[in-house]
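Q: How does the following fold in three dimensions:
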Amino acid sequence: MVIKEYFKIAVRNLRTRPLRSWLTILGIVIGVFLITSLLSLSEGLKNTISKELRMIGKNIIVILPGESTNFFTAFLGHLQLTDKDLETIKKTEGVDVVIPILHKGLGVRYEGRNKPVLVSGADWKNFLEIYQEDLGMSLKEGRWPVPGKREVVVGSLVPVDIFKGMRIGTELSIKGRDYKIVGILSSIGQKTDDSLIHLDVGIFREITGERKGADQVLAKIKPGFSSEEVAKSIKANLLRTQKRKKGKDEALYSVLTSEKVSGIINNIMGVVQLAVISFASIAVIVGGIGIMNTMYTSVHERTREIGILKAVGAKNSTITIIFLIESGIIGLIGGIGGVVPGLGLAKLIEAVGQIHPIFYLEASISPFTILFGLVFSFFVGCVSGFFPAKRAAALKPVDALRRFE
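A: You can find the predicted model right below:
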């Protein structure tokens, strides 16, 4: 009951100075707005990447040329694995099959429109089952190509963003040769993958002239073998082969399991989220300084009121609690005012990303994000009001009343 009265006094004092109160609250709103929106988007990005990784079977190992810092260089084809590298991987104990991954940017013509598109070579004859079961590839429409025939399947974004209106049964042209479109893939969730055109690997090598090697390799391990142990063996064998070939030891390979990639992503996103919270917290702390300034001004203006309260028997703890509640309410209102539009912005960015997807980004709205924003803002409000509250409680009744005689 007593706490209820304290709340009434605190709310009444805020309502008597509405402009100052709302300007103070605005400082908290901005900080919590940034924390909530950025935290939701970073968590959503983490979930999206994790979802894609889960589509790759745990028995699949990815081998890239170059260190992990050169993933993009490897993907763009600046580095390649040789046929000797592929043979070394095949001979590694525990490896069941080795799937070469090839891709190259080529000019594609469809119904009078010419555009550069990333084309991939796929071995439909030997590895279709692995593409489906271990790599999460499935058809949205149509059928899979017949191995060796001039047939292609296209990513889900090709008929949406690249060649709008593209249909199954029509033909596209690559380097003057026509290929029949027989299928459209379901979305994988990443723009690069969803924008690929897949050819039979034999035809791909013919039109690109890349008869040997691969841009990347996927190795499926045998049942009963540890993916981590096989990955270590693959890297050791590749380095041993390279050392014999070049006479020196250079770490020019990245061998990754889905668990390792997931760990790397989680670590990166953890750092990103920490940075987001740290930078956005600066804005909240600045808002907290505003609360402190407002509360000091309030103590000065209400000195006589404090004196009257203490003269009628109010304890120091009572005065402290009233001012802490007042500053806490300012922080909490700022938190509510920041959480709601922050989540709204995150969902808006998600919606825009779905319309024009660079990456299928989702905003993760969790109870933790909402609770964190509210509790953090309330905590900052209370901390900011602590010293003004202690100053108000330290006033002597006689001095407080005499000051405004």
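
Q: C-alpha from now on. contacts and neighbour counts both.
A: Will do.

Q: Model confidence for the residue most central in space within the chain, exactly?
A: Taking C-alpha atoms, centre = their mean as the criterion, residue 45 is the residue nearest the geometric centre of the chain, at 2.1 Å. You'll see residue 45 listed with a pLDDT of 74.

Q: for the helix or strand containing it, the distance to its chain's centre please.
A: Here residue 45 sits within helix 18-55, counting by DSSP states H and E. The chain centre lies 13 Å from the centre of helix 18-55; the measure is C-alpha atoms, centre = their mean, to the nearest Å.

Q: going forward can the numbers begin at 829, since that is how I track them
A: I'll keep to 829 as the first residue from here, and by that count the last item is helix 846-883.

Q: quick one: contacts of the helix or strand just after it?
A: Later in the chain than helix 846-883, the nearest helix or strand by DSSP H and E is strand 888-893. By C-alpha atoms under 8 Å, 6 or more residues apart in numbering, the residues outside strand 888-893 that reach it are 899, 902, 907-909, 962, 1043-1049, 1055, 1059, 1080-1086.

Q: How about residue 967: what's its closest non-neighbour residue?
A: Among residues not flanking residue 967 along the chain, residue 1013 sits closest, at 4.3 Å (C-alpha to C-alpha, 6 or more residues apart in numbering).

Q: From residue 991, how far off is the one you found?
A: Residue 1013 sits 15 Å away from residue 991, going by C-alpha to C-alpha, to the nearest Å.

Q: Neighbour count: these two, which is higher?
A: Remark: of residue 1013 and residue 991, residue 1013 carries more neighbours, 24 against 17, as counted by other C-alpha atoms under 10 Å.

Q: so who does the more buried one touch?
A: Applying C-alpha under 8 Å, 6+ apart, the residues near residue 1013 are 965-969, 981-984, 1022.

Q: Which entries within those residues meet the buried criterion?
A: By neighbour count, with 16 or more other C-alpha atoms under 10 Å, these hold 965-967, 981-984, 1022 as buried.

Q: now those in JSON lines, with secondary structure?
A: Output for the buried ones among the contacts of residue 1013, formatted as JSON lines (DSSP: H, G, I helix; E, B strand; the rest coil):
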{"residue": "965", "secondary structure": "coil"}
{"residue": "966", "secondary structure": "coil"}
{"residue": "967", "secondary structure": "strand"}
{"residue": "981", "secondary structure": "strand"}
{"residue": "982", "secondary structure": "strand"}
{"residue": "983", "secondary structure": "coil"}
{"residue": "984", "secondary structure": "coil"}
{"residue": "1022", "secondary structure": "helix"}
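
Q: on that earlier part again, ok, now how distant is the residue nearest to residue 967 from residue 964?
A: Look at residue 1013 and residue 964: by C-alpha to C-alpha, they are 10 Å apart.

Q: Kindly report the same for residue 991.
A: For residue 991 relative to residue 964 (C-alpha to C-alpha), the value is 24 Å.

Q: Same question for residue 952.
A: Look at residue 952 and residue 964: by C-alpha to C-alpha, they are 15 Å apart.

Q: what angle sits between whichever strand or helix holds residue 1069 and strand 888-893?
A: Applying DSSP H and E as the criterion places residue 1069 in helix 1055-1074. Counting by axes from the mean of the first three to the mean of the last three C-alpha atoms, to 10 degrees, helix 1055-1074 lies at 30 degrees to strand 888-893.

Q: Now tell me what touches helix 1055-1074 from outside.
A: With C-alpha under 8 Å, 6+ apart, helix 1055-1074 has contacts from 886-889, 913, 916-917, 920-923, 1049, 1076-1085.
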